[in-house]
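[1] sequence-free structure coming up:
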């Protein structure tokens, strides 16, 4: 027997809770370290945050419409924390606006996300959330290595 | 309108997929580094893995029964990779055995996990999974800093 354990509204709230925490992690970095500090030839946290932006709203839109379009141009040249946070808040609003337009069947329907990854919509969305948790955890190590206390993981 | 997006069987499969990846991360560490290597006064990855063990099966059992009991004694003294992996596989089997006994209503029911964290069962389970993703991401930084290629994040 299987039981339904999560609905779409709970999933949106959960996702945006994680995105609020990621926003606090971006804020916690000193401006220069956000764009430059790395460990073990990994990317600076700004590059990880840009990856989250490239996935978040495009995933919501792709699951809603079946159209997998890339994040608009210009992201690569973003080099200030303020601009990154502005784009972050813009994505938050867009996801909230797109969410109620996702047809119910699209969460279970298999689609090829960005023309590459064939999964049910829910799996693609969870991948986006968990990829953010994974790399954000790496940002926590960067902050600790810089002697900065990261925001508590459980605060959303 | 809200749509159900995840059922209990899918959640179990998803969780165990993440636990298989974490097992590969434990395996990827050289034995001594697993128990000693740290960055920025954080814990060695062995301590994080022990935390995952303390949460995983006890959470499944707590949501199933309403009894929040701590992981059995002896975990603190574990100091070999083989023993850690043996306990990992033991927990995998226990979670699989407990899972079908979780009453349907317990996923939505609010309970005080371990006498402390008041949340619906699903939120407690997601917290356990995501706490593992978060700290496993930190283990990836340790591996990179050691010059070791971690297992791909998308392989479950």
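    That came through, no problem. Everything numeric in this text was worked out from a predicted model, so none of it was measured.
[2] show me the contacts for the residue most central in space within chain A.
    In chain A, the residue lying closest to the centroid (CA atoms, centre = their mean) is residue A:52, at 3.7 Å. For residue A:52, the contact set (CB atoms under 8 Å, 6 or more residues apart in numbering or on different chains) comprises A:19, A:22, A:128, A:131-132, A:135. From N, CA and C alone the C-beta is placed, and that goes for glycine too.
[3] swap the cut-off to 6 Å and go again
    Residue A:52 is in contact with residue A:132, counting by CB atoms under 6 Å, 6 or more residues apart in numbering or on different chains.
[4] equivalent analysis for residue A:148, please.
    Listed by CB under 6 Å, 6+ apart, the contact set of residue A:148 reads residue A:28.
[5] for my notes, confirm it occurs in a helix.
    No. Assigned with DSSP: H, G, I helix; E, B strand; the rest coil, residue A:148 falls outside any helix and is coil.
[6] now do the buried residues in stretch A:88-107.
    A:88, A:91-92, A:95, A:98-99, A:102, A:106-107 (16 or more other CB atoms under 10 Å in any protein chain shown).
[7] hey, which helix is longest across chain A?
    Criterion DSSP state H: the longest helix present in chain A is helix A:121-145.
[8] low pLDDT regions in chain A?
    Low-confidence segments of chain A (pLDDT under 70): A:1.
[9] show me which residues of it sit near chain B.
    Chain A has residues A:2-9, A:11, A:39-40, A:42, A:104, A:107, A:122, A:130, A:133-134, A:137-138, A:141, A:144-145, A:153 near chain B, with proximity defined as CB under 6 Å from any CB of the partner chain.
[10] ChimeraX command to pick out the buried ones of these?
    Entered in ChimeraX, the line below selects the buried ones among the residues of chain A next to chain B, by 16+ other CB under 10 Å:
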select /A:3,4,5,6,7,8,11,40,42,107,122,130,133,134,137,138,141,144,145,153
